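>>> From the sequence below, what's the structure:
(2 chains)
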Protein chains: 2
Amino acid sequence: MAENGGAALKGVRVVDLTQFEAGPSCTEALAWLGAEVVKVENPRGGDPGRLSSSEDGKTDAYYFLVFNANKKSITCNLKSEQGIDLVKKLVKKADVFIENFAPGVIDRLGLGYDVIKEINPKIIYAQVKGFAEGSPYEKFLSFDMIAQATGGIMSITGEADGMPLKPGPTLGDTGTGMLAAISILGALYQRKETGTGQRIQVAMQDAMLQYSRIAYSTQAATGKAADRAGAGTVTGGNAPMGLYPCKPGGRNDYVYVYVTRANNSHWHRLLKVIGREDLIDDERYDTPRKRAAVKPEVDALLIPWTQSHTKQEAMKALGEAGIPAGAVYDTMELHSDPSFEERGIFQHIDHPTRGDFKMAAWPVKMSDTDVKVAPAPLLGEHNESVLNDWLGLSADEVTNLKEDGAM
Amino acid sequence: MAENGGAALKGVRVVDLTQFEAGPSCTEALAWLGAEVVKVENPRGGDPGRLSSSEDGKTDAYYFLVFNANKKSITCNLKSEQGIDLVKKLVKKADVFIENFAPGVIDRLGLGYDVIKEINPKIIYAQVKGFAEGSPYEKFLSFDMIAQATGGIMSITGEADGMPLKPGPTLGDTGTGMLAAISILGALYQRKETGTGQRIQVAMQDAMLQYSRIAYSTQAATGKAADRAGAGTVTGGNAPMGLYPCKPGGRNDYVYVYVTRANNSHWHRLLKVIGREDLIDDERYDTPRKRAAVKPEVDALLIPWTQSHTKQEAMKALGEAGIPAGAVYDTMELHSDPSFEERGIFQHIDHPTRGDFKMAAWPVKMSDTDVKVAPAPLLGEHNESVLNDWLGLSADEVTNLKEDGAM
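So this is what the prediction gives:
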């Protein structure tokens, strides 16, 4: 991909005490960009994400691999004084420190912000929590779905007449991780000028607002909480708009069609594609407002056409005619689509214990940045190399630390 | 918020040709961090997002305000030679150029990457599209919902026995914008070392993979496309887990309860909270696997308790006992919650034509970065100041450009 650049974050060192997804997705973004991210993991199993979804209870799970590409791993026993001391020594050499432990844990470990900034005043100290400091829930545990419930996401997801639902994507985790990454990158850029570090804090509940601001815009217009709209949008008001059934009628055989409510351009194109030019001047449908008022009737004009095409055929015919339309693709269809592999969106990686597998890589193309794809590390894979490189420890010294139970 | 730092991206100039949400959410993130973002808008109405959701067709919509805080606006007629020339002059003084027009438009305008990098080799030239260059759909139009359909998101959202649904959040738009922001920030950091710019390209369809990788992990384990799971998760297998009804039974009166499948700790705490300590040693429920096998039975133990509490009471009782739990909050509840305002997550802004309103601000706390909250600009509000400041044009020269129809 890169023509002549190197890694964007060359030389940036991250001490990464995160686990599962919200934190690891953040540090992985930094690792795609070339930061040296060192996962600090407990010697007994490491990041719980390694094995919690493992098929055989021994091999690192695919779940772990996708959130930890390009990183290094060292083991460190945070229950031992020597282990904590080791983290502090690494911090002295690092640019970023990040953790997403349960509330209060990092302070109990003696690795709170006040301690770490004494050791390294230039450090960018980042924390990802379920609920924010100062929130009535600051001591509560959280997971992706708790963030999606309490952050308003579930209230706007589901059928119009149904109960709230959880979106499939892990917005509470990776959605939060991306905002942490943006803030850390901003702080790194700032530090180039000012030379000073800072503390960065993000809560998963709060981060949900960033992705649902359109719902607050609807609320501002109606004076009521935004509601669920099935496959439609919280703003509503377009016809046709939504999912239309395609042949052969499987679980995901639908095409999304979106016809603008700004004018009649898409509507006229659509009528041509479905062979109903006779309706172009029909007074019943000749404004977006009129169509929206009789949406079921408008939908009924479109459905016979969609049902006589596959979702791929429908998307192609509509897309080529300049109508926003998209097939509902499932994860297997996307994973098997050669276009994604050709373009480097999915990439093959050779993992030491899993062998070859395919995962989604950083989906942004950067012409002058070298975006590497190395497999997620085995537990403790970089014990010797990192401790030697960062701290100048010899192999014997590392062995001693292991024997002392520090790592 | 800031103790002693300034803006993170002080001095970074962005020429922003984006509109609606995917592009503007990206440049707004840069603007929160202190970049000088200049929206270049057409003189007749500007960014279509200004008025497309406007209540009265004249006042900038809340929709526009939430995606364009802290920015400046100048008008520029891209259909006039002088207008294009003006953009090129701005580009010479800029660090970042970004656009999210329909496919092919930017090249037809004569502002393609090859042209812009000739003018300013240090520029970071970013493009947000619906479908990627090289994709079979590269010429197709897209919107948030098209990205969510074609990027796999809808296939994993909905009831287990229902059709695909669109999550309420605008993952196709803001989700993509956040990845563009991360990449631009990486490129800016890299440029500090190398002095060279680059081209950044992200497609909304591709960006969806970043937020749904857990579904690919499920697929890797089962060999089948990940499926819909209602309020559950694509990984499944926990009991209790999901939404439980609370009093008084309104549309969003539910509490999410998540009990780990790693061990019995949450389960035992839960039994105590609901007054069923008698079941702690009950052999029917004494492993996560056994509970998952009789989930309806387990749910039935919990529901009488949740139904006799409000969602707030339930969340408090469960959260304080160390059980991951969260009330389903709607947008009005969150918008009215004083805690969000006290913590600066929602902020009041005084807008010249709308007056005081409250919007979600950058949800990440940065101790040493000055994160300003200025209202979205009026159309052309900064014509004179930007053209004077960046290009040294006098007020008369700006007037002449206007009279010539260039802006």
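>>> How about stretch A:255-265 and chain B, any contact?
Yes - applying C-beta under 8 Å from any C-beta of the partner chain, one finds stretch A:255-265 in contact with chain B at A:255-256, A:258, A:262. Where C-beta positions appear, they are placed from N, C-alpha and C, glycine not excepted.
>>> now chain A, which segments are flagged as low pLDDT?
Applying pLDDT under 70 to chain A flags the ranges A:1-4, A:234.
>>> mind giving me TSV with the residues of stretch A:255-265 next to chain B and columns for neighbour count?
Shown next, in TSV, are the residues of stretch A:255-265 next to chain B (neighbours: other C-beta atoms under 10 Å in any protein chain shown):
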residue	neighbour count
A:255	30
A:256	28
A:258	24
A:262	12
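>>> where do the helices sit along the stretch 51-200 of chain A?
Assigned helices in the stretch 51-200 of chain A, in chain order: A:62-67, A:81-92, A:105-108, A:113-119, A:144-150, A:176-194 (criterion: DSSP state H, counting those that start in this stretch).
>>> Domain-wise, how is chain A divided?
With automatic domain parsing as the criterion, the domains of chain A are listed as A:13-211+A:337-403, A:241-333.
>>> So the residue of the stretch 301-407 of chain A found nearest chain B: helix, strand or coil?
Taking C-beta to the nearest C-beta, chain B has its nearest neighbour within the stretch 301-407 of chain A at residue A:368, 3.3 Å off. At residue A:368, secondary structure determined by DSSP: H, G, I helix; E, B strand; the rest coil is coil.
>>> Next, the distance between the ends of stretch A:27-38.
Chord length of stretch A:27-38, first to last residue, is 9 Å (C-alpha to C-alpha, to the nearest Å).
>>> could you check whether it is close to chain B?
Yes - Stretch A:27-38 reaches chain B (C-beta under 8 Å from any C-beta) through A:29, A:33-34.
>>> Equivalent analysis for stretch A:176-196, please.
Yes - for stretch A:176-196, a contact with chain B is found by C-beta under 8 Å from any C-beta, at A:178-183, A:185-190, A:192-194, A:196.
>>> And stretch A:131-146, by the same measure?
Yes - using C-beta under 8 Å from any C-beta, stretch A:131-146 reaches chain B at A:132, A:134-137, A:139-146.
>>> now stretch A:230-241
Yes - Stretch A:230-241 is in contact with chain B by C-beta under 8 Å from any C-beta, via A:230-235, A:241.
>>> quick revisit: among the residues of stretch A:176-196 next to chain B, who's most crowded?
In terms of neighbours by other C-beta atoms under 10 Å in any protein chain shown, the residues of stretch A:176-196 next to chain B top out with residue A:186 at 32 neighbours.
>>> I figured it was touching residue B:368, is that so?
No - contact criterion C-beta atoms under 8 Å: residue A:186 and residue B:368 do not qualify, at 10.6 Å.
>>> Tell me if residue A:34 really is in a strand.
No - counting by three-state DSSP, residue A:34 is not found in a strand; it is coil.
>>> Okay, and the residue nearest to it when sequence neighbours are not counted sits in which element?
Using C-beta to C-beta, 6 or more residues apart in numbering or on different chains and skipping residues adjacent in sequence, the residue nearest residue A:34 is residue A:7, 2.2 Å away. For residue A:7, there is no host helix or strand (DSSP states H and E).
>>> burial count for residue A:7?
22.
>>> Check the one 10 residues further on too.
By the criterion of other C-beta under 10 Å, residue A:17 has 24 neighbours.
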